[in-house]
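**Student:** using only what follows, build the 3D model:
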Amino acid sequence: MHSDNKTRSILCSPSRTSRNIIFLLWPILGIIIANYAIEISNGGNEWKTGDWLINYEAGIVRRGLLGQIFYTIAYFGINLKWLIFCSQSIIYISIYYLIIKIYLLRQRDAAWFMFLYSPAFLIFSLLDLKGGFRKEIILFLSFSIFSYFYATKKLNSKNIIIVYLIFVTAIFSHESTALALPFYIYIFFNASKFTIIKPRIAAFYSILFSLTAFAAIFFAMKFSGNEAIAKGICESLNLYEFSKNICSGAIDWLKFDAQYGRLQVSNLAEKYINVYPLYFLIAIIPVFLTTWINRFNFIFLIAAFLVFLPLYFVGIDWGRWIYIYVFLVFALILSESILSNTEIIRIPNWGIFFYLTVWSLPHSYATRVTFGWFEKFWSISSRLI
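**Tutor:** Here you go, the predicted model:
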């Protein structure tokens, strides 16, 4: 009994031992980035890289803002392939840094590791190597910065503008990220409640973010793309050292409309409809172990999920949609736990270990429950034998 209490004490405080466990995230990120670097050296991935190559060279089109910026920079002799890789890596490093900073702003019980090491949060891109490096990480960067300023009560106009500019880049580079708007409004609302900012300032920025999000969605609908634009974008990349299939993913998808996406989902949904709701319920469990959950916050979670719900009808990447939603929820709770002294119920160490290791979240096309770290280690060992 005495030994168990001592172990629990170590895990509940920001001691050297617990900090070392937290900083295991850095080698995990190193593996994620190194694996992607191999793909980049081989010419890039049609989704993870291709998504960032969509540009305006063949005409104005949705998702093209950041790609056009990269394409313009490449005119000055910078390797486009590695420019994108370095930008994506810097974004990931910044996200990890900010979330770890937020996590360490207070003492936490070991059960908080169910947030930090959740397969649906920071390490999602390791357990599903095909699911990372998409444009939602720009949104994650914006919201991580926002959450950090919120947790540290530094939501002044200069910092909010930084958050806003990254938010604009995110939503005009991928319109689905505009659906994160409720999370920004929630923070503005509660920041005024905690007297971090004045109510009129919170209202002004809430309106600004809202108008920008709606403008991005309207822009995406008006300039949705077509086969000619997809072909033109692909031709604009001929001068660069990309793989021959670089246009077969995100770029090629520009020729399809929402109706095509709905048909794809309706044809395939029956295979996955029994699996992904279970994934969602497993992923969201840590939220309901905290005192953060009350009537207002529960209603907010439902409302925010309903805003994301249309994605499930136009794209089969259901695991990815869950990942985006869970990331925003977890970042919000971690930051608000600083301000509202949110606690989490005590979980036995074996229970924490079990939750973090026996499942993972495939970004799409999962027909069965996967077994997380155990399955990954078994797969690796089977190849080595």
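**Student:** now for the closest residue in space to residue 37 that isn't next to it in sequence: which residues touch it?
**Tutor:** Excluding its sequence neighbours, the residue lying closest to residue 37 (Cβ to Cβ, 6 or more residues apart in numbering) is residue 85, at 6.5 Å. Where you see a C-beta, it was placed from the backbone N, CA and C, and this is true even at glycine. Each residue near residue 85 by Cβ atoms under 8 Å, 6 or more residues apart in numbering is listed here: 36-37, 40, 49.
**Student:** what is the most widely separated pair among these?
**Tutor:** Spatially, the most separated pair among the contacts of residue 85 is 37 and 49, at 11.5 Å (Cβ to Cβ).
**Student:** the two: which is more packed in?
**Tutor:** residue 49 (25 against 13; other Cβ atoms under 10 Å).
**Student:** residue 191 and residue 347, how far apart?
**Tutor:** Per Cβ to Cβ, to the nearest Å, residue 191 is found 30 Å from residue 347.
**Student:** who's more crowded, those two?
**Tutor:** Each of residue 191 and residue 347 has its neighbours counted (other Cβ under 10 Å); residue 191 has more, 23 against 19.
**Student:** sorry, back to before: where does the residue nearest to residue 37 land in three-state SS?
**Tutor:** Of the three states, residue 85 takes helix under DSSP: H, G, I helix; E, B strand; the rest coil.
**Student:** give me the pLDDT value at it.
**Tutor:** The model reports residue 85 with a pLDDT of 98.
**Student:** same thing with residue 17?
**Tutor:** Residue 17 is assigned 47 on the pLDDT scale.
**Student:** likewise for residue 51?
**Tutor:** At residue 51, the pLDDT value in this model is 96.
**Student:** nearest spatial neighbour of it, chain-adjacent residues omitted?
**Tutor:** Take residue 51 and drop its neighbours on the chain: the residue closest to it by Cβ to Cβ, 6+ apart is residue 250, 3.9 Å away.
**Student:** look up how far residue 192 lies from that neighbour.
**Tutor:** As judged by Cβ to Cβ, residue 250 and residue 192 stand 38 Å apart.
**Student:** comparing those two, which residue is more hemmed in?
**Tutor:** Taking neighbours as other Cβ under 10 Å, residue 250 and residue 192 compare with residue 250 leading, 25 against 18.
**Student:** dump stretch 120-139 to PDB, keeping only the CA atoms.
**Tutor:** Presented in PDB, the C-alpha positions along stretch 120-139 are these (Å, rounded to 0.1, in the frame of the first residue of the first chain):
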ATOM      1  CA  ALA A 120      -6.900  10.300 -30.900                       C
ATOM      2  CA  PHE A 121      -4.700  13.200 -29.900                       C
ATOM      3  CA  LEU A 122      -1.000  14.000 -30.400                       C
ATOM      4  CA  ILE A 123       0.100  10.500 -31.300                       C
ATOM      5  CA  PHE A 124      -2.700   9.800 -33.800                       C
ATOM      6  CA  SER A 125      -0.200  10.300 -36.700                       C
ATOM      7  CA  LEU A 126       2.100   7.600 -35.300                       C
ATOM      8  CA  LEU A 127      -0.500   4.900 -34.800                       C
ATOM      9  CA  ASP A 128      -1.900   5.700 -38.300                       C
ATOM     10  CA  LEU A 129       1.000   6.900 -40.400                       C
ATOM     11  CA  LYS A 130      -1.400   7.600 -43.300                       C
ATOM     12  CA  GLY A 131      -3.600  10.000 -41.300                       C
ATOM     13  CA  GLY A 132      -1.100  12.800 -40.400                       C
ATOM     14  CA  PHE A 133       0.300  15.800 -42.100                       C
ATOM     15  CA  ARG A 134      -3.000  17.000 -43.500                       C
ATOM     16  CA  LYS A 135      -4.000  20.600 -43.500                       C
ATOM     17  CA  GLU A 136      -6.000  20.400 -40.200                       C
ATOM     18  CA  ILE A 137      -2.600  20.700 -38.500                       C
ATOM     19  CA  ILE A 138      -2.700  24.500 -39.400                       C
ATOM     20  CA  LEU A 139      -6.000  24.700 -37.500                       C
END
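**Student:** mind listing what's buried in that stretch?
**Tutor:** For stretch 120-139, the buried set under the neighbour-count rule, 16 or more other Cβ atoms under 10 Å, comprises 120-129, 131-139.
**Student:** among those, which ones are in helices?
**Tutor:** 124-127, 136-139 (DSSP state H).
**Student:** let me have these in a markdown table, adding distance to residue 366 as columns.
**Tutor:** Formatted as a markdown table, these follow (distance: Cβ to Cβ, whole Å):
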| residue | distance to residue 366 |
| --- | --- |
| 124 | 13 |
| 125 | 16 |
| 126 | 17 |
| 127 | 12 |
| 136 | 19 |
| 137 | 21 |
| 138 | 25 |
| 139 | 23 |
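**Student:** report the two of these separated the most.
**Tutor:** By the measure Cβ to Cβ, 127 and 138 form the most distant pair in these, at 21.5 Å.
**Student:** among the contacts of residue 85, which one lies nearest to residue 196?
**Tutor:** Using Cβ to Cβ, the contacts of residue 85 come closest to residue 196 at residue 36, 36.9 Å.
**Student:** ok, back up a step: what is the nearest of the ones in helices among the buried residues of stretch 120-139 to residue 69?
**Tutor:** Closest approach between these and residue 69, by Cβ to Cβ: residue 138, at 11.7 Å.
**Student:** understood, closing this out.
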